[in-house]
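> predicted coordinates and the sequence they were generated for:
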There are 2 protein chains.
Amino acid sequence: MNSPTSLARTPVPPYYAVIFTSLRNAGDHGYAAMSDRMVELGSGYAGFLGIDSAREADGKGITVSYWRDEASILAWKRDAEHQKAQRGGRESWYAAYEVRIAKVERAYGKM
Amino acid sequence: MNSPTSLARTPVPPYYAVIFTSLRNAGDHGYAAMSDRMVELGSGYAGFLGIDSAREADGKGITVSYWRDEASILAWKRDAEHQKAQRGGRESWYAAYEVRIAKVERAYGKM
């Protein structure tokens, strides 16, 4: 994965993005370790292209992961350890969240 | 716009997302005021659906704005005051950035 102070480098579109926005509940309760583990595990999946993540001190966070295609996203979603983390997210870590699956059609920037 | 501690509420897909990832250079140099103004101005454009934003203390930030269609995104991109801000971003505020235009196909969550 990229270090905290770099941006994900992705191939020329099209590819997919999973936009995950969330509001954290107070207290860690194993969150930081789970979060690191999910990045480690997910980035090993076929079709993983990169990840960008940022969280405000007030608990609002955005993670965008980039994928070659929808099949890659689905395989990762079904990972057993990831499913356990998803349950933890629904039940305790997040006050609210939204997952958006989007097809990146164009991209440009300054690196 | 949504307050810092809430998530954007968007309609049933399809709609568009502009994923803006960036690394800030040190120092404000008018950035905070420009950023607030761009949210105020952009959210008044036809087709604007919402915005989520988060920045880490180390300077990495993600802003995702949601739009009804590509025409709305293009109109906002061409706004004269926004164009001036885009120049400021390229020339001074950002060490690096990437803009991705993506079509949101599916979404789910817990609000």
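Nice, thanks for sending it over. Numbering: from 1, shown residues only, chains lettered A, B, ... in the order given.

> surely A:M34 touches A:H82?
No: with the criterion set as C-beta atoms under 8 Å, A:M34 and A:H82 do not qualify as a contacting pair; they are 10.0 Å apart. To be clear about C-beta, it is placed using only N, CA and C from the backbone, and glycine gets the same treatment.

> got the contact list for the closest residue to A:Y31 other than its chain neighbours?
Distances taken as C-beta to C-beta, 6 or more residues apart in numbering or on different chains place A:W93 nearest to A:Y31, at 5.1 Å, with adjacent residues excluded. Contacts for A:W93 (C-beta atoms under 8 Å, 6 or more residues apart in numbering or on different chains) come out as A:R24, A:N25, A:H29, A:Y31, A:M34.

> show me how to select, in PyMOL, the buried members of the residues you listed.
The following PyMOL selection, which keeps only the buried ones among the contacts of A:W93, applies the criterion 16 or more other C-beta atoms under 10 Å in any protein chain shown:
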select buried, chain A and resi 24+31+34
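
> which ones among the contacts of A:W93 map onto strands?
Counting by DSSP state E, the contacts of A:W93 place A:R24 in strands.

> for the contacts of A:W93, work out which two are farthest apart.
The most widely separated members of the contacts of A:W93 are A:N25 and A:M34, with 13.4 Å between them, by C-beta to C-beta.

> helix/strand/coil for the residue nearest to A:E98 when sequence neighbours are not counted?
Counting by C-beta to C-beta, 6+ apart, B:G109 is the residue found nearest to A:E98 once chain neighbours are left out, at 3.6 Å. What DSSP: H, G, I helix; E, B strand; the rest coil gives for B:G109 is strand.

> check A:I73 too.
On the three-state scheme (three-state DSSP), A:I73 is labelled helix.
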